[in-house]
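Novice: This is a predicted model, with the sequence first.
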Amino acid sequence: MVQDSIKFNNLQDPLKPSKAAFYSAILPGLGQAYNKDYWKIPIVYAAIGTSVGIYVHNNNEYHRYRDAYKRRLAGFSDDEFQGQLDNDRLLYAQKIFQRNRDLSMLISIGFYILNIVEANVSAHLKQFNVSDDLSLSPEWFRDDLNYSNNLGLSLKFQF
């Protein structure tokens, strides 16, 4: 009875995965910090930051080409692409940058969701018992009959 209560006290908090996911939803990387997986935080910020940076770049380029096209339609001939690109090329550039912008937004959202899922799964996996009482290890052994080397797996239980 006492031993069962000791085992129960050593269990992880069952709400830890939901807390980690909630913290990561509030601020990316906070769930990883809650799980004490500090090395994952720069990866989270690099992934989300890079995709948001690409989104900003594509959005700025889209607006550059769109504004030049709108000025040409209004009758002005003083845009930065005058003499370099015709109206069809301005429209084509708008479509390319708009598509890339939308795709980078989807990738940013995907990395944000992946951050939440990773924090949740990592917190779940921390609750498993990975003590030395249960181990599976490869072993080399020599056969006594013909002295050949053999590879096998050893499963060890300690109660």
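Specialist: Great, that's in hand.
Novice: Which strands and helices lie in contact with the helix or strand encompassing residue 97?
Specialist: Secondary structure assignment for residue 97, by DSSP states H and E: helix 87-125. Packing partners of helix 87-125 (3 or more C-beta pairs under 8 Å, 6 or more residues apart in numbering; DSSP states H and E): helix 16-26, helix 30-34, helix 41-73. Glycine gets a C-beta too; all of them are placed from N, C-alpha and C.
Novice: Next, the angle helix 41-73 makes with that helix.
Specialist: 160 degrees (axes from the mean of the first three to the mean of the last three C-alpha atoms, to 10 degrees).
Novice: how about helix 87-125: buried residues?
Specialist: Buried residues in helix 87-125, counting neighbours by 16 or more other C-beta atoms under 10 Å, are found at 90, 93-94, 97-98, 100-101, 104-105, 107-108, 111-112, 115-116, 118-120, 122-123.
Novice: before we move on, what about stretch 38-58?
Specialist: Here stretch 38-58 shows 40-41, 44, 47-48, 51-52, 54-55, 58 as buried, counting by 16+ other C-beta under 10 Å.
Novice: which one of the helices and strands packed on helix 87-125 lies closest to residue 147?
Specialist: helix 41-73 (49.6 Å; C-beta to C-beta).
Novice: now the angle between helix 16-26 and the closest one, please.
Specialist: Going by the same axes, to 10 degrees, helix 41-73 is angled at 30 degrees with respect to helix 16-26.
Novice: any idea how far the nearest residue to residue 29 once chain neighbours are set aside lies from residue 123?
Specialist: Counting by C-beta to C-beta, 6 or more residues apart in numbering, the nearest residue to residue 29 once its immediate chain neighbours are dropped is residue 41, at 4.2 Å. As judged by C-beta to C-beta, to the nearest Å, residue 41 and residue 123 stand 15 Å apart.
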